[in-house]
Structure formats: C-alpha cells, structure tokens
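Peer 1: missing the sequence, but the structure's below:
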C-alpha cells in the first residue's frame, strides 16, 4: 500500500494521518481537499507538499514516494475523482459534512457531501481497480439505542447526518459484494486531540471558549454521554484497517468502550485547564439540540479481535495533550 489517496487530508484527522505517513516514510500521498475547513497552512505544519489547483485531460502527475501532493478540489466532482484515483493503492475517504448540527440546518448539503461524495470515490476505486477503500463513518447510524453500540445493531438514525453515513456504509457494503473492493467502515467515536483547532466538536469548542474567558454551554442537561477517543489512537486503528488482510466489507467501532457524560468531560477539562494556568469559566446548560442522541458509547470487541487494536489514551491524558496543543498554538 504505497500510494495513498486521502480525501479531506487537510482536516484534523487527515493532517495527523499524513504526518504519521511522512514520519514512517515509504509512502506517496495524494490529498483531495476543497479547503472548506482545513487549510494549506494546516497541512504545512506537518509536511512539505506540492499544491495542484487544477487538472487536465492527461490527469495528474503521480505523487512521488515520501512526498505529499495536494489537489484543491471538491469531492462532488466525479471526473476529478476518477482522475485522482489513477495509480493509487488505497482510498482513505475522510472528507465529509461532519456533525449533527450542520445536517439539521442543511440536510441536502449533508446528503450531497456524505452520499454523493462517497459514491464518487467508490466509483474511482472501481474504475481504477484500487483494492482497498476506508470509509470514515460514525456511531450516528445506530440512532437512539441502549448502548454500547456494536456492529450488529439494526440502524435507526435520528439525524440527517446519521442517515447520510448509513447510506455511505450501504454503498461500501455493495461495492465489496458486487465489485470486490475491500471496503472497511470505521465508526469513529468523538475524536479530539492536537490539531483540532478548526474542529467544532465539544472538546475543541470548549477549549477555545475557555481560552477566551467565555461561558461553556452544554446542550441539554449535560447528562448525555459520548465516547471520546484521542486522535493518535484513532490513527493507529486507521493504519491497521489499511494494512491488515481479510477485513474487506467489515465495519468496526473505533472508540474507547467508555461512557462519559458531557458534564463529566467538561469538569475534567476545566480542571486540566486550571492546572495549565487558565482561569476557570462558568459551565451552564443550554437548549437540547435537535438530532442529538442521549447515550452513545461503543463496544470495541470486534476491533480488538479483528484489527488487533484498543484505545490506549485515557481521557485525562488526552485532554492534557490537547490543552497543551491549544496553548502552544494560540496564533495558529
């Protein structure tokens, strides 16, 4: 698996993955990103890269080993997706509309990005005979169920985001069974960690607000639960999913198997911030958000057994490393 095509490679997860590939050496990386969230500066903090802003009928020059190629483009462009897949060994499809809130505000945009965008790159894998396709999914397709979430639960998504991720998983399953592409679906927990400066998830948002001295608002009463997974643990799972044999067509819960309320996480985060010299700010309740589930954490038994993977970073350790990153990158 030398030639990697990574969609959304300028984002939080993408840049961390690219950083690990560059450190390990021996890989050639092509990134597709429309720069809606991540930026070339974000990518530049982890590697040197060549930026390509357009493509021609002759396609793109092949990326070279130990080099990163950034193609500024939208995943909704099917012709570009086909061109970008030429010569690749694996597609890691991270680009997506992320989060419940944006999907409720604009369900159509969520569907286009998460369904049509995924379809375009599955088609690229099929037409270019790319043997493996990694799909970044979520626990959201399961919907409102009694946790822990596991891979055999029948899906009942609550939000448009959950529905679009479920559709992506469905296409991945079909492309494995019809076309023989080794699709692997990774259902990420709530990912946090260094590099999440642009991320709108609760950990990153709360840290930014606390550093500005603002009040932290929890949706609902704060008793809703999540499974918070540290970015480096997730990257290890992703690497295993690319490199291990005999896992095509499978879905895996990639989380910590620990249930934490948002209030518990927030109180722990405030303590970590205080230890780092940041003045404590108020923590209050706000209105419940449409589409949110009450309880959400994952059973990671299958990932342990089939991927040989478990999360290794506890929440306090991960929050400390994340706060240190934000403190050291206030101007980034």
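Peer 2: Cool, the structure landed. Small disclaimer: the values here were computed from a predicted structure and weren't measured.
Peer 1: low-confidence stretches in the stretch 101-250 of the chain?
Peer 2: Residue ranges of the stretch 101-250 of the chain with pLDDT under 70: none are present.
Peer 1: can you pull out the strands in it?
Peer 2: For the stretch 101-250 of the chain, strands defined by DSSP state E, counting those that start in this stretch occupy the ranges 132-138, 182-188, 190-192, 216-219, 225-226, 228-230, 250-254.
Peer 1: what's the closest of those strands to residue 288?
Peer 2: Closest to residue 288 of the strands of the stretch 101-250 of the chain, according to CB to CB: strand 216-219, at 5.9 Å. Just so you know, the C-beta spots here come from the backbone N, C-alpha and C atoms, and that holds for glycine as well.
Peer 1: got the buried residues for the closest one?
Peer 2: By neighbour count on 16 or more other CB atoms under 10 Å, the buried set for strand 216-219 is 216-219.
Peer 1: and the contacts of that strand?
Peer 2: For strand 216-219, contacts defined as CB atoms under 8 Å, 6 or more residues apart in numbering pick out 206, 209-210, 262-263, 266, 270, 281-289, 292.
Peer 1: restricted to buried residues, select those residues in PyMOL.
Peer 2: Those of these that count as buried under 16+ other CB under 10 Å are selected in PyMOL with:
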select buried, resi 206+210+262+263+266+270+281+283+292
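Peer 1: state the distance from the nearest residue to residue 206 once chain neighbours are set aside to residue 102.
Peer 2: Among residues not flanking residue 206 along the chain, residue 216 sits closest, at 5.1 Å (CB to CB, 6 or more residues apart in numbering). Here residue 216 is placed at a distance of 21 Å from residue 102 (CB to CB, to the nearest Å).
Peer 1: format the buried residues of strand 216-219 as CSV; extra columns: distance to residue 110.
Peer 2: Listed next are these as CSV, based on distance: CB to CB, whole Å:
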residue, distance to residue 110
216, 26
217, 23
218, 24
219, 19
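Peer 1: who are the packing partners of the helix or strand containing residue 302?
Peer 2: Under the criterion of DSSP states H and E, residue 302 resides in helix 301-302. Here helix 301-302 touches strand 250-254, going by 3 or more CB pairs under 8 Å, 6 or more residues apart in numbering; DSSP states H and E.
Peer 1: next structured bit after the strand it packs on?
Peer 2: Next along from strand 250-254, by DSSP H and E: strand 260-261.
Peer 1: in the longest helix along the chain, which of the residues would be classed as buried?
Peer 2: The longest helix of the chain (DSSP state H) is helix 160-179. By neighbour count on 16+ other CB under 10 Å, the buried set for helix 160-179 is 160-169, 171-173, 175-176.
Peer 1: likewise for stretch 299-316?
Peer 2: Buried, per 16+ other CB under 10 Å, within stretch 299-316: 299-300, 302-303, 306-307, 309, 311, 313, 315.
Peer 1: note down every partner strand of the helix or strand hosting residue 51 and its orientation.
Peer 2: In this structure, residue 51 sits in strand 50-52 according to DSSP H and E. Strands adjacent to strand 50-52 in the sheet, as given by DSSP bridges, are strand 68-72 (parallel).
Peer 1: I'd like to know which elements the helix or strand that comes right after the partner strand is packed against.
Peer 2: With elements assigned by DSSP H and E, the helix or strand that comes after strand 68-72 is helix 78-84. Helix 78-84 sits against strand 28-33, helix 117-127, with contacts defined as 3+ CB pairs under 8 Å, 6+ apart.
Peer 1: between these, which one is closest to residue 191.
Peer 2: Closest among the helices and strands packed on helix 78-84, using CB to CB: strand 28-33, at 17.5 Å.
Peer 1: what angle sits between that closest one and helix 117-127?
Peer 2: On the basis of axes from the mean of the first three to the mean of the last three CA atoms, to 10 degrees, strand 28-33 is oriented at 150 degrees to helix 117-127.
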